[in-house]
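J.: Kindly generate the corresponding structure for this input.
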Amino acid sequence: MSSVLMEQCMAAASATGAFTPDELDVLREVLTEWSVHPDGNYRLLTEERDGAAVAFLIYGPTPMTAFAYDLYWIAVDPAHQKKGLGAHLERRMCALLLKGAKRAVLRVETAGRDEYAGQRFFYLACGYTECGRIPNFYSEGDDLVFYCKEIGEGTEQGT
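T.: Below is the predicted model:
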């Protein structure tokens with residue numbers, strides 16, 4: 001991955017205001033890992049406008065599972081939000097996961113605090129189901145919220 005693309009992804013994530021400095025540090029580590037091992041545990045999808053990445057999604061296989069995947073990061077620069085870029089990235093991920101596979105299970109973890117209501121609504125709108133919470137996980141009053149979605153044969157999202 002070029003350092004320019006990495007910085008564009010970092011800028012998009014930072015501009016959202018949704019991520020803490022520590023979370024952005026982890027994102028930089030994930031992007032660095034992807035750049036060194038593009039066929040490794042992390043897969044990156046981007047959406048570009050005028051030659052710059054303004055949205056990205058990072059996902060990868062869940063260890064010790066046959067067909068489960070984690071959606072680790074999704075961010076859309078605020079100047080490009082509410083235009084369907086995030087949903088488009090999520091659909092691209094699903095299509096890639098079903099290429100040569102009959103089904104996949106997707107898992108997402110996000111925060112339960114009020115500021116994350118939009119993110120939680122996004123996952124519900126993309127067909128995910130809230131399947132669990134751990135109260136006060138990140139901090140007092142900030143739950144860890146789990147979402148999951150099955151795609152492929154025999155599912156509502158099946159092709």
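
J.: all contacts plus neighbour counts: C-alpha atoms, from now on.
T.: OK.

J.: for this protein, what spans make up the helices?
T.: 3-16, 21-36, 85-98, 117-125 (DSSP state H).

J.: Ok, which of those comes nearest Glu47?
T.: Nearest to Glu47, of all those, is helix 85-98, at 7.1 Å by Cα to Cα.

J.: would CSV of the helices of the chain with mean neighbour count be doable?
T.: Output for the helices of the chain, formatted as CSV (neighbours: other Cα atoms under 10 Å):
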stretch, mean neighbour count
helix 3-16, 18
helix 21-36, 15
helix 85-98, 18
helix 117-125, 15
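
J.: Between those, which one is closest to Tyr59.
T.: Nearest to Tyr59, of the helices of the chain and by Cα to Cα, is helix 85-98 at 8.0 Å.

J.: same for the closest one, what does it pack against?
T.: Where contact means 3 or more Cα pairs under 8 Å, 6 or more residues apart in numbering; DSSP states H and E, helix 85-98 is packed against strand 43-49, strand 52-61, strand 68-76, strand 103-111, strand 142-152.

J.: I'd like to know which of those strands is closest to Lys83.
T.: Evaluated over the helices and strands packed on helix 85-98, closeness to Lys83 peaks at strand 68-76, with 9.7 Å, by Cα to Cα.

J.: Good, we can wrap up now.
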